[in-house]
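# Mind looking at a prediction? Sequence and model below.
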Amino acid sequence: MRSGFLCLIDAWGLIRAAQAGWLERLLETHALGAAGSVIEDVRRSAAGLGPESSAVLERCFDGQGLAVVSATAEEIGAFLDRYPTPSLGEGEIESLALVMARGDFFCSDDLHVTLVMKHLGLFGRRLSLAALVKDARRSAATDELGAHVAARIVRAL
């Protein structure tokens with residue numbers, strides 16, 4: 001079951017989830033998205049990830065579960081007006097602009113991003129990768145229990 005809000009994820013989170021074998025499950029259980037500039041960052045890094053992780057990421061980018069969203073120039077400008085710093089990368093700036101403008105959530109374990117979100121009053125819209133995986137595991141356990149109960153009911157009939 002997918003949650004009803006869009007949760008943007010940073011490049012590190014996408015790569016780590018793919019390497020750990022959790023990205024596809026996360027996409028089944030959560031409405032995940034990434035800023036267009038994050039996708040570009042991940043594609044530049046994908047060559048060194050190995051064929052399996054790279055293939056999972058490419059499937060996700062090619063319309064199989066990951067929403068790719070782009071911030072407008074106005075949204076990025078509004079973010080930079082509130083936090084004018086060169087210390088963030090392009091993907092982080094675009095993602096945070098989307099969070100600020102559209103109310104999306106952001107999955108990032110980056111300490112600097114966390115501090116920026118606190119500074120801007122957006123900390124309540126931050127999720128860690130561990131929290132998403134924990135929720136996906138709970139969902140998987142519920143699915144397994146539901147399947148087990150359904151099988152017992154069918155056997156009883």
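Perfect, thanks for sending it. It should be emphasised that the depicted structure is a prediction, and the values quoted were computed from it without experimental measurement.

# now the chain, which segments are flagged as low pLDDT?
Residue ranges of the chain with pLDDT under 70: 1-4, 63-64, 139-157.

# how about a cut-off of 80?
1-5, 46-48, 51, 62-64, 85-86, 138-157 (pLDDT under 80).

# what ranges do the helices span in it?
11-19, 23-29, 36-46, 51-61, 73-82, 90-102, 111-119, 129-156 (DSSP state H).

# and of the ones you listed, who's closest to Phe5?
helix 90-102 (10.4 Å; C-beta to C-beta). (C-beta placed from N, C-alpha, C; glycine too.)

# gap between that closest one and the chain center?
Distance of helix 90-102 from its chain centroid, counting by C-alpha atoms, centre = their mean, to the nearest Å, is 13 Å.

# related to what we said a few turns ago, can you redo the helices of the chain as CSV with distance to Phe5?
Formatted as CSV, the helices of the chain follow (distance: least, C-beta to C-beta, whole Å):
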stretch, distance to Phe5
helix 11-19, 16
helix 23-29, 13
helix 36-46, 18
helix 51-61, 18
helix 73-82, 18
helix 90-102, 10
helix 111-119, 16
helix 129-156, 12
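
# could you dump the ones you listed to a markdown table with mean neighbour count?
Compiled in a markdown table, the helices of the chain are given as follows (neighbours: other C-beta atoms under 10 Å):
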| stretch | mean neighbour count |
| --- | --- |
| helix 11-19 | 22 |
| helix 23-29 | 20 |
| helix 36-46 | 18 |
| helix 51-61 | 17 |
| helix 73-82 | 14 |
| helix 90-102 | 22 |
| helix 111-119 | 15 |
| helix 129-156 | 12 |
